[in-house]
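Colleague: Based on what follows, work out the 3D shape:
(2 chains)
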Protein chains: 2
Amino acid sequence: LVITTDLFLEKVHFRRDWHQPEVAGHRCLARGLSDIAAMGARPAAAFLSFALPAELAGEWASRFVDGLLRLARVHDVPLAGGDTARAASPAAAGGALFAADIVLVGGVRRGRALLRSGARVGDLIYVTGALGGAAAELALLERDAGGYAGLVRARRGHPHLFPEPRVGVGEWLVGRARAAMDLSDGLSTDLAHLCEEAGVAAEIEAARVPVHRLALGAAGGGLELALHGGEDYELLFTAPEGRRIPGVIGGVGVRCIGRIVKAGRGRPRVSLIDAEGKRRSLRNGGWEHFRG
Amino acid sequence: LVITTDLFLEKVHFRRDWHQPEVAGHRCLARGLSDIAAMGARPAAAFLSFALPAELAGEWASRFVDGLLRLARVHDVPLAGGDTARAASPAAAGGALFAADIVLVGGVRRGRALLRSGARVGDLIYVTGALGGAAAELALLERDAGGYAGLVRARRGHPHLFPEPRVGVGEWLVGRARAAMDLSDGLSTDLAHLCEEAGVAAEIEAARVPVHRLALGAAGGGLELALHGGEDYELLFTAPEGRRIPGVIGGVGVRCIGRIVKAGRGRPRVSLIDAEGKRRSLRNGGWEHFRG
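Modeller: Alright, predicted model coming up:
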């Protein structure tokens, strides 16, 4: 049994003026589903608790739940319960903020759940999909929220607005991957965490990192966004070198981007090897709460 | 498998200026444990998510978790996970509010969980402990929060500050009670819900309702507080008339207060019979969110 809980807070995880309520609902559930995917589990049920400011109690809340349920149907996950309350205002002057907690329950064969701590020296490192797209799309939204969001018709190909948790890939990886996690804080940060959990280090080849098409126009061809941009909700995993990992799993591209190596004093936790073979330390550049 | 989620929000479920952080932590977990108790399940693990305003990030948060863990140890429930985030402020002027979601996972034999919908005509109606104490203590706190809370040394006997979820009683009731729920919104409101779920009605004898000693000094000897005061976290349950229900279960008093009767058009959902045998409709008087 796998249980995940994720907060989804206004002004932290979404902004009312940038995100349509359906987008917020989708992103809320995607956070939880991605955690389930990262452990290789099959989602069984979702529980949603939210504190609702008075002015969102009608249409906004209904559209939020619609967006959440639409993604839930894609993965055949029932919304099985939760809690609701009216959100209080901190002061007479200030408005109340929306706050939600999304809980996912999933199942995976006993002892087979994918963990961050499973990486071993010599493992190859893989990522699903392409990286940096969510950060690139967020930048578009920052520049012109109304104009950009108004143009979006399809859900596919919009990794910030409609991230696609890799549930099918996660299930496929059970018994095949040694370690896995989802990319929520950015590759540099998340890969460092994965290495810390196993007491190992990692080397990434810059040329192999899949850059999302939305990020290609950014400075440096989008590599910085792909390395440090958060909320792509792709999977990061390792597998022994001899194990066959196809280039596409359940319709999702999979790319080998590097290798797990021994950790050592004075050696960077994560190294980036550029096209000329030069190696540099890849510092955490992702988003972490409480870091400001 | 039983899963409950309960929001615990500043200015809705606690006030920073009235409740010590340990009290808030205790009350947060008690909400979840009481839900588990109401289903007759044994709690297996708790998950706590909270959004923390910057000014609470040090000692306050630590004492909140201490209070929660102390109650968790009483019931041998590990805090198995959760999520934390920094709470955002709605406006530059307004402070951020603390918001938590407490998730409890419990186990009960398949098909044996106690439900609200199980009540049948002829069942006797029981409550644990005594009622109205939480509302009475809340009134003391409202009058003089600093003075009152400063006097409280023990945890026992303080149903508002340190409610005692009836986990042991709930487990004992499995296979013995027909329907159960916890008293969070007040007897009048909660009993009406229980009746609605089963399509039945209820008659309560005023003289049998156990009034908490803290409520005895209130107007009418505390009966109104016992009938309508919320957050006692006692159990309300029904059992067939012939079934032996002891007066004390696991150290907790149990009292028969009435009987389930047929629902009928024009007949009140819950009736109160006074000492002279006069019957009146018991209107919902408890606290419900979104009612203002």
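
Colleague: make it CA atoms for all contacts and neighbour counts henceforth
Modeller: Noted.

Colleague: So which bits of stretch A:57-66 are buried?
Modeller: A:60-61, A:63-66 (16 or more other CA atoms under 10 Å in any protein chain shown).

Colleague: residues in the stretch 51-200 of chain A within reach of chain B, list them.
Modeller: For the stretch 51-200 of chain A, the residues in contact with chain B (CA under 8 Å from any CA of the partner chain) are A:51, A:81-88, A:90-91, A:93-97, A:99, A:101.

Colleague: Okay, and which of those residues map to strands?
Modeller: With DSSP state E as the criterion, strands contain A:51, A:81-86, A:99, A:101 from among those.

Colleague: Show me which of the residues you listed are buried.
Modeller: The neighbour-count test (16+ other CA under 10 Å) marks A:51, A:82-86, A:99, A:101 as buried among these.

Colleague: Tell me the one of those residues nearest A:Leu227?
Modeller: A:Asp101 (28.0 Å; CA to CA).

Colleague: doesn't A:Gly67 fall inside a strand?
Modeller: No - counting by DSSP: H, G, I helix; E, B strand; the rest coil, A:Gly67 is not part of a strand but helix.

Colleague: gap between the closest residue to it other than its chain neighbours and B:Ala30?
Modeller: Counting by CA to CA, 6 or more residues apart in numbering or on different chains, A:Gly67 lies nearest to A:Glu22, which is 3.9 Å off, once chain neighbours are set aside. Taking CA to CA, to the nearest Å as the measure, A:Glu22 falls 33 Å from B:Ala30.

Colleague: again with A:Ala51
Modeller: With CA to CA as the criterion, A:Ala51 and B:Ala30 are 19 Å apart.

Colleague: Distance of the closest residue to A:Ala179 other than its chain neighbours relative to chain B?
Modeller: Closest residue in space to A:Ala179, ignoring its immediate chain neighbours: A:Gly118 at 4.4 Å, by CA to CA, 6+ apart. To chain B, A:Gly118 is 20 Å away according to CA to the nearest CA, to the nearest Å.

Colleague: Repeat that for A:His19.
Modeller: 16 Å.

Colleague: Next up, the contacts around that residue.
Modeller: A:149, A:161 (CA atoms under 8 Å, 6 or more residues apart in numbering or on different chains).

Colleague: Tell me the secondary structure of it, please.
Modeller: Assignment for A:His19 (three-state DSSP): coil.

Colleague: Repeat that for the one 4 residues further on.
Modeller: When the structure is reduced to helix, strand and coil (three-state DSSP), A:Val23 reads as helix.

Colleague: Could you tell me how many residues sit around A:Val209?
Modeller: 20 (other CA atoms under 10 Å in any protein chain shown).

Colleague: For the nearest residue to it once chain neighbours are set aside, which three-state class applies?
Modeller: Distances taken as CA to CA, 6+ apart place A:Ile257 nearest to A:Val209, at 5.6 Å, with adjacent residues excluded. With three-state DSSP as the basis, A:Ile257 sits in strand.

Colleague: Just want the most central residue of chain A.
Modeller: Chain A has A:Tyr233 as the residue nearest its centroid, 2.2 Å off, counting by CA atoms, centre = their mean.

Colleague: so what's the residue nearest to that residue when sequence neighbours are not counted up against?
Modeller: Computed as CA to CA, 6+ apart, the closest residue to A:Tyr233 that is not its neighbour in sequence is A:Leu183, at 4.9 Å. Applying CA under 8 Å, 6+ apart to A:Leu183 gives the contacts A:190, A:230-236.

Colleague: change it to 10 Å
Modeller: Contacts for A:Leu183 (CA atoms under 10 Å, 6 or more residues apart in numbering or on different chains) come out as A:34-35, A:38, A:127-128, A:131, A:189-191, A:229-236.

Colleague: again, but for A:Glu197
Modeller: With CA under 10 Å, 6+ apart, A:Glu197 has these contacts: A:115-119, A:179, A:191.

Colleague: Can you list the low-confidence ranges for chain A?
Modeller: Chain A contains residues with pLDDT under 70 at A:91-94, A:150-151, A:284-292.

Colleague: do that again at 80, thanks
Modeller: A:89-95, A:145-154, A:284-292 (pLDDT under 80).

Colleague: What ranges does it have for its helices?
Modeller: Secondary structure of chain A (DSSP state H): helices at A:21-38, A:59-74, A:133-143, A:145-151, A:167-173, A:187-198, A:223-228.

Colleague: how about the nearest residue to A:Asp274, chain neighbours excluded?
Modeller: Closest residue in space to A:Asp274, ignoring its immediate chain neighbours: A:Ala206 at 5.2 Å, by CA to CA, 6+ apart.

Colleague: what about that neighbour, distance to A:Gly258?
Modeller: For A:Ala206, the distance to A:Gly258 - CA to CA - is 9 Å.

Colleague: neighbour-wise, which of these two wins?
Modeller: Taking other CA under 10 Å, A:Ala206 and A:Gly258 do not tie; A:Gly258 has more neighbours (23 against 20).
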